[in-house]
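J.: 3D model of this:
(2 chains)
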Amino acid sequence: MSVRRVMGTEVEYGISVQGQPLANPMVASSQVVNAYASATVKARRARWDFEEESPLRDARGFDMSRQVADPSQLTDEDMGLANVILTNGARLYVDHAHPEYSTPEVTTPLDIVRWDKAGEQVMLDAQRRASLLPGGAPIALYKNNTDNKGASYGAHENYLMRRSTPFGDIVRHLTPFFVSRQVFCGAGRVGKGQDGRESGFQVSQRADFFEVEVGLETTLKRPIINTRDEPHADPEKYRRLHVIIGDANLSEVATYLKVGTTALVLAMIEDRFITTDLTVEGSVAALRAVSHDPGLKQTVTLTDGRKLSGIQLQLEYLDLARKYVEDRYGADADEQTVDVLARWESVLDRLERDPMLCARELDWVAKLKLLEQYRQRDGLEWDDAKLQLIDYQYSDIRPEKGLYHRLVAGGRIERLLDDRSIEDAMHDPPEDTRAYFRGRCLEKYADHVAAASWDSVIFDLPGRESLQRVPTIDPLRGSKAHVGELLDRCETAEALFTALTR
Amino acid sequence: MAQEQKQPRKSSEADEVVQTAPESDVAERKEALDSDIDDILDEIDDVLETNAEDFVKSFIQKGGE
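T.: The predicted structure follows:
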């Protein structure tokens, strides 16, 4: 494969109720999700179907017992928290104490950007509606990953992979990539240490929160490689690689490169193309060391004795990926694969010369440039509250307040998509995965969809006593090509169900 | 300005032109850059939360994931 793969992202947004620092974030998050659901979800509100969830399944081949699991790991219990499925195939819900948006399943990096940015717009719409509720205080949402006081919340990626690929290969070849990819997809952070006890700037929001190399947890002892194994697809054929190490990106180029390069590396791992061992000694410490040097000169030591910087480690992967694409596709490589390779190379080359050359494309560089300008003009030290504020406010999703958005408005950030395309993606599903079937069903037969999830749509049909479950176990079936004409033709859910089960 | 401090040299006038032109370019570019920075900072000053210290203190999140 190339950069094409079934994949998606999930982002938990930071939340604050203005003027009420002690407000319950679970209540505020529910208000946000419910306000959007009430205003936009038609008629009956389909609930989430938890039947296929297994958050304690471990990719290494065992189940963690529910008794020893931390309560925060039991994500399959419907706690009555707000949870809706949107017509674009996405899931909008409350996870712990944050509103969260999971994109529908897509197959290209650019579509990740489209539906991930659509999620920001959904959140923006939701927060505005929640603020208008009677007695509702203004709620602000932040697309970031830490409060710099010890708490971190995630921005996860999911990649569908072949079950036949040994998990050990994934760990071996992906860990050095994850240690170093932050040089272009870090979101930048003011503060060092989980609780920000040390002042200064670092490349990544999340680096300081990772404590082990491999593991099942996501809320404690966070691992560089997460082993959660809920494929939401045929488990004989597929695994879903659940990536928890990334930062939430505002920059479209950063998201595009993060997902595009990772998809390429996964393709090489599946095809056993990587024969060199790039294993880094002490990868948890190396991850932090790379993050703590915005000059990007910090080296890490490979087990073969070489000392490479984060950029040099990425250049190793880029070189392999170029050879891989040339070997497998030659001149027939698809447009996005070629584009990801070219941008990856260009960004690494400029980062090597002077990171500031990437201020129009990468979050951490755009943020650092702004911070340095303030430091220069106002003579601020790194522990100044104003710099911390700039870090938070960079990720405020309101276009009038968010500093990322102010930079975009001033033409200082490169875009990949226009607003119209992102707005459409708030409502329309991708056309080339099962998200198309899910989204269209919710749009067309809302009154008769009782529940849905990644791998099912459940209908409540007039005249039938029991609910009727339509499994969508294959992520690539239920696309427009498969069911578009059928959905156009069937005026009722009953007609659709009859046609599907005939 | 560097240009004004420059002493006339004994070489030809053509040399002078070649020498000064790039420097004045650099000066202009730097000026444009500085005013560009001022513009963006002025704009961001307008939208930054007013009490940075209070804001930072009250930005408290629960862990997630």
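
J.: Kindly provide the distance from A:Cys201 to A:Thr301.
T.: Actually, residue A:201 is Phe rather than Cys. Separation of A:Phe201 from A:Thr301 (Cβ to Cβ, to the nearest Å): 24 Å. Where you see a C-beta, it was placed from the backbone N, CA and C, and this is true even at glycine.

J.: More neighbours: those two, which one.
T.: A:Phe201 (22 against 13; other Cβ atoms under 10 Å in any protein chain shown).

J.: quick check, distance from the helix or strand hosting that one to the centre of its chain.
T.: Using DSSP states H and E, A:Phe201 sits in strand A:198-202. Between the centre of strand A:198-202 and the centre of its chain there are 25 Å (Cα atoms, centre = their mean, to the nearest Å).

J.: quick one: buried residues of that strand?
T.: Under the neighbour-count criterion of 16 or more other Cβ atoms under 10 Å in any protein chain shown, strand A:198-202 has A:Gly200, A:Phe201, A:Gln202 buried.

J.: Nearest residue to the last one in space, ignoring adjacent ones along the chain?
T.: Nearest in space to A:Gln202, with sequence neighbours left out and distances taken as Cβ to Cβ, 6 or more residues apart in numbering or on different chains, is A:Ser291 at 4.6 Å.

J.: in terms of contact, does that neighbour touch A:Val183 like I think?
T.: No. Between A:Ser291 and A:Val183 there is no contact under Cβ atoms under 8 Å: 9.2 Å.

J.: who touches both of those two?
T.: Here A:Ser291 and A:Val183 share the contacting residues A:Val203, scored by Cβ atoms under 8 Å, 6 or more residues apart in numbering or on different chains.

J.: still on that earlier bit, what's the spacing between the residue nearest to A:Gln202 and A:Ser204?
T.: 4 Å.

J.: hey, what's in contact with both of these two?
T.: Taking Cβ under 8 Å, 6+ apart as the contact rule, A:Ser291 and A:Ser204 both touch A:Gln182, A:Gly186.

J.: Hmm, A:Glu198 is touching A:Gly191, no?
T.: Yes. The criterion here is Cβ under 8 Å, and A:Glu198 meets it with A:Gly191 at 7.2 Å.

J.: what comes up buried for the helix or strand where A:Gly168 lies?
T.: Assigned by DSSP H and E, A:Gly168 belongs to helix A:167-180. Of all the residues in helix A:167-180, those buried under the rule 16+ other Cβ under 10 Å are A:Phe167, A:Ile170, A:Val171, A:Arg172, A:His173, A:Leu174, A:Thr175, A:Pro176, A:Phe177, A:Phe178, A:Val179, A:Ser180.

J.: How many neighbouring residues does A:Ser421 have?
T.: A:Ser421, neighbours per other Cβ under 10 Å, totals 15.

J.: tell me the contacts of the residue lying closest to it once chain neighbours are set aside?
T.: With Cβ to Cβ, 6+ apart as the criterion, A:Ser421 has its nearest non-adjacent residue at 6.2 Å, and that residue is A:Arg114. Under the criterion of Cβ under 8 Å, 6+ apart, the neighbours of A:Arg114 are A:Val106, A:Leu417, A:Ser421, A:Ile422, A:Ala425.

J.: repeat that for 10 Å
T.: By Cβ atoms under 10 Å, 6 or more residues apart in numbering or on different chains, the contact set of A:Arg114 is A:88, A:103, A:106, A:108, A:252, A:255-256, A:416-417, A:421-422, A:424-425, A:428, A:430.

J.: ok, now A:Leu351?
T.: The contact partners of A:Leu351, by Cβ under 10 Å, 6+ apart, come to A:Val183, A:Phe184, A:Leu296, A:Ser309, A:Gly310, A:Ile311, A:Gln314, A:Leu357, A:Cys358, A:Leu362, A:Val365.

J.: shaky segments in chain B?
T.: B:1-26, B:29, B:33 (pLDDT under 70).

J.: One more: the stretch 151-300 of chain A?
T.: Those would be none, if you go by pLDDT under 70 across the stretch 151-300 of chain A.

J.: OK, now which residue of it is nearest to chain B?
T.: Closest contact between the stretch 151-300 of chain A and chain B, by Cβ to the nearest Cβ, is at A:Tyr153 (3.1 Å).
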